[in-house]
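1. sequence first, predicted model second:
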Amino acid sequence: MSNTSMNVSVIGTGYVGLGTAALLAHLGHQVTGIDIDNQKIEQLRNGQVPIHEPGLDALLESVKGNLDWSTSYDSVARADVVFICVGTPPGKDGTPDLQYVASAAEKLAPHLNGHAQVIVNKSTVPIGTGDYVQRLLEDHAPGYSHERHRVVSNPEFLREGTALQDSLYPDRIVLGGHPDALQIMARLYAPLIEQTFTPPASAPRPETYTRPAVVNTTLQSAEMIKYAANAFLALKISFANEIAGLCERVGADIEEVATGIGMDTRIGRRFLNAGAGWGGSCFGKDTAGLISAGREHNYNMPILQAAIDVNTRQRQVIIDKLIRHMRSLKGKRVTVLGMAFKPDTDDLRNAPAHDLIARLYQLGATVTAHDPIAMPRARREWAHLTYREASSVQDALHRADAVIIATEWQEYRDLDWSALLPSMRGCVIIDARNIIRTPIDAHVEQIGRNAPAAVPVTR
Ligand SMILES: NC(=O)c1ccc[n+]([C@@H]2O[C@H](COP(=O)([O-])OP(=O)(O)OC[C@H]3O[C@@H](n4cnc5c(N)ncnc54)[C@H](O)[C@@H]3O)[C@@H](O)[C@H]2O)c1
Ligand SMILES: O=c1ccn([C@@H]2O[C@H](COP(=O)(O)OP(=O)(O)O[C@H]3O[C@H](CO)[C@@H](O)[C@H](O)[C@H]3O)[C@@H](O)[C@H]2O)c(=O)[nH]1
């Protein structure tokens, strides 16, 4: 253990908790990951990673000497820093449900002791939650001291599928709270801020990467930064989708438009990809959370509401395209390629494919679905949907009338359509991720652009 090594407890071992534990262990800290889910802890102890995240299993394995897993909160007693990384799912009216955060705070409180300990909210939480957690600690920690036990907000900006790169090479580290506590956080993150750690083999440092900026601010501003960042990214995607709809009507190409506007450094090209609309556990929850915070203060947020409405409409845009080609979907075989909300993850939360499968079935289609990674999870989490699970892309397309590409997995980008099309009964492809780059002999529809259709459909 190096002399800068600190003791850390990470509460919650989901996407964020596992990423945080792996990062901090790699920086040389002694980390205990805590979860109430016995099965997860058992898996982690046996060297199995409960989620699919590229490179995470290799990184956890390489730092296992610095890692411990437990269902008990005992490790909090020796922790310098305690991270809360539990879920904050949307509750009634979009207001985030804080029951898991509250339960984590109440459970960790009795273990706080005489030395300076920082309690960090890494979960995405409504503005004011830092103060709420501080009050819970006051109420439940016999040894609580306002000077020694401070709450810090340190929001997480990782994306699923690229979590390691995002955690090891962040654009910025946001820290909100009392300056004394922020000093402890600066010590904890020193190797990350200075970039003095050795990059793991599974996540090399990008050539152009420079050190992250550190934003030291108040609890409230740090909490707001997280919501505002997600809301802005969601807005950007909805803006691209709205412009894409008009592109289709006036003969413009959204890809070229996005490139053209993205070259303005004030705008930037990233998160302007038109498609099936955003999914995942964060954008929907956090835009709704911000609107509900506004409502609490009698303050309308019409731009955010419009972003949500455009996103909801985008799912229907895909179905409408299919109906334009097939008139009725009754008795038609429709294949959905891609179930996870984005590539390189097994996360199915708010995936566009969910809404598409449900709607296609409602409209009378026989649905087949395929995903390179997420199918076993869908068997458990999407048991309420009616679809056939395909064993391969070939199996998924066999005798299909139409196909929708819902997730841009690399496997789907690489498909040889000329080899696959003959096994299909029909030839309609709704490429809802704009990944088909070469002309193919089928009716291809993309979002906001004319598909590469130099070859007329002959079948
Ligand atoms: N998933 C992401 O990409 C991402 C990125 C940034 C921020 N966030 C935010 O981070 C938070 C966590 O998200 P996630 O996707 O990792 O959630 P998750 O559902 O994958 O994991 C949460 C974990 O917390 C555990 N848990 C719940 N209550 C507990 C308790 N009292 N004690 C110990 N463990 C407990 C659960 O069993 C689960 O394993 C959310 O607020 C989310 O909005 C998520
Ligand atoms: O140009 C784009 C970019 C993304 N998406 C979609 O948007 C959703 C979200 O994608 P992404 O942001 O890459 O993944 P998340 O893991 O949801 O990450 C977001 O949500 C996290 C949780 O708060 C934050 O930490 C991240 O910074 C933020 O990008 C997915 O359905 C994508 O397909 C698009 O449609 N077009």
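-> Good, I have the coordinates. Ligands and ions are numbered 1, 2, ... in the order given.
2. show me which residues of the stretch 51-200 of the chain are close to ligand 1?
-> 85-88, 100, 103-104, 107, 123-124, 156, 158, 160 (C-beta under 6 Å from any ligand atom). For every residue, glycine as well, the C-beta is placed using N, CA and C.
3. what residue spans form the domains of the protein?
-> For the chain, automatic domain parsing gives the domain ranges 7-217, 253-459.
4. residues of stretch 350-364 that come out buried?
-> 350-361, 363 (16 or more other C-beta atoms under 10 Å).
5. and if you look at stretch 212-227?
-> By neighbour count on 16+ other C-beta under 10 Å, the buried set for stretch 212-227 is 212, 216-217, 219, 222-227.
6. which members of the residues you listed occur in helices, if any?
-> When the buried residues of stretch 212-227 are checked against helices (DSSP state H), the matches are 219, 222-227.
7. just those now: which is nearest ligand 1?
-> Ligand 1 has its nearest neighbour among those in residue 226, at 7.4 Å by C-beta to the nearest ligand atom.
8. any idea how many residues pack against the residue lying closest to that closest one once chain neighbours are set aside?
-> Distance criterion C-beta to C-beta, 6 or more residues apart in numbering; nearest residue to residue 226, sequence neighbours excluded, is residue 155 at 3.5 Å. Using other C-beta atoms under 10 Å, residue 155 is surrounded by 23 other residues.
9. and residue 155, that one's in a strand?
-> No. Per DSSP: H, G, I helix; E, B strand; the rest coil, residue 155 lies outside any strand segment and is coil.
10. quick check: it touching residue 225?
-> Yes. The pair residue 155 / residue 225 is scored as a contact, 6.4 Å apart, by C-beta atoms under 8 Å.
11. which residues do these two both contact?
-> residue 174 (C-beta atoms under 8 Å, 6 or more residues apart in numbering).
12. what bits of the chain have low per-residue confidence?
-> Along the chain, the parts satisfying pLDDT under 70 run over 1-3, 453-459.
13. again, only this time at 50
-> Applying pLDDT under 50 to the chain flags residues 1-2, 454-459.
14. ok, which stretches of it are strands?
-> Assigned by DSSP state E, the chain shows strands spanning 7-11, 30-34, 67-70, 81-84, 117-121, 149-153, 172-176, 213-217, 333-337, 366-370, 388-389, 402-405, 428-431, 443-445.
15. which neighbours does the first one have in its sheet, and in what orientation?
-> Strand 7-11 has its sheet partners listed here by DSSP bridges as strand 30-34 (parallel), strand 81-84 (parallel).
16. and it, does that touch ligand 1?
-> Yes. Strand 7-11 comes into contact with ligand 1 (C-beta under 6 Å from any ligand atom), by way of residue 11.
17. what sits up against that strand?
-> Contacts of strand 7-11 (C-beta under 8 Å, 6+ apart): 17, 20-21, 24, 29-35, 73, 75-76, 78-86, 104, 107-108, 188.
18. got the contact list for the residue in the stretch 1-150 of the chain positioned nearest to ligand 1?
-> Relative to ligand 1, the nearest point of the stretch 1-150 of the chain is residue 14 (1.8 Å; C-beta to the nearest ligand atom). Going by C-beta under 8 Å, 6+ apart, residue 14 touches 51, 85-87.
19. mind putting the strands of the chain in TSV, distance to ligand 2 included?
-> Listed next are the strands of the chain as TSV, based on distance: least, C-beta to the nearest ligand atom, whole Å:
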stretch	distance to ligand 2
strand 7-11	16
strand 30-34	19
strand 67-70	23
strand 81-84	15
strand 117-121	13
strand 149-153	14
strand 172-176	11
strand 213-217	15
strand 333-337	14
strand 366-370	17
strand 388-389	21
strand 402-405	12
strand 428-431	13
strand 443-445	17
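20. now render those as JSON lines, adding distance to residue 298.
-> Output for these, formatted as JSON lines (distance: least, C-beta to C-beta, whole Å):
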{"stretch": "strand 7-11", "distance to residue 298": "34"}
{"stretch": "strand 30-34", "distance to residue 298": "39"}
{"stretch": "strand 67-70", "distance to residue 298": "44"}
{"stretch": "strand 81-84", "distance to residue 298": "30"}
{"stretch": "strand 117-121", "distance to residue 298": "26"}
{"stretch": "strand 149-153", "distance to residue 298": "25"}
{"stretch": "strand 172-176", "distance to residue 298": "25"}
{"stretch": "strand 213-217", "distance to residue 298": "26"}
{"stretch": "strand 333-337", "distance to residue 298": "42"}
{"stretch": "strand 366-370", "distance to residue 298": "44"}
{"stretch": "strand 388-389", "distance to residue 298": "48"}
{"stretch": "strand 402-405", "distance to residue 298": "42"}
{"stretch": "strand 428-431", "distance to residue 298": "42"}
{"stretch": "strand 443-445", "distance to residue 298": "44"}
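21. out of these, which gets nearest to residue 376?
-> strand 388-389 (9.3 Å; C-beta to C-beta).
22. pull up the gap between residue 286 and residue 292, please.
-> 11 Å (C-beta to C-beta, to the nearest Å).
23. the more surrounded of these two?
-> Neighbours per residue, other C-beta under 10 Å: of residue 286 and residue 292, the larger number sits with residue 286, 24 against 18.
24. before we move on, back to that, and which of the ones in helices among the buried residues of stretch 212-227 is nearest ligand 2?
-> Using C-beta to the nearest ligand atom, those come closest to ligand 2 at residue 226, 7.1 Å.
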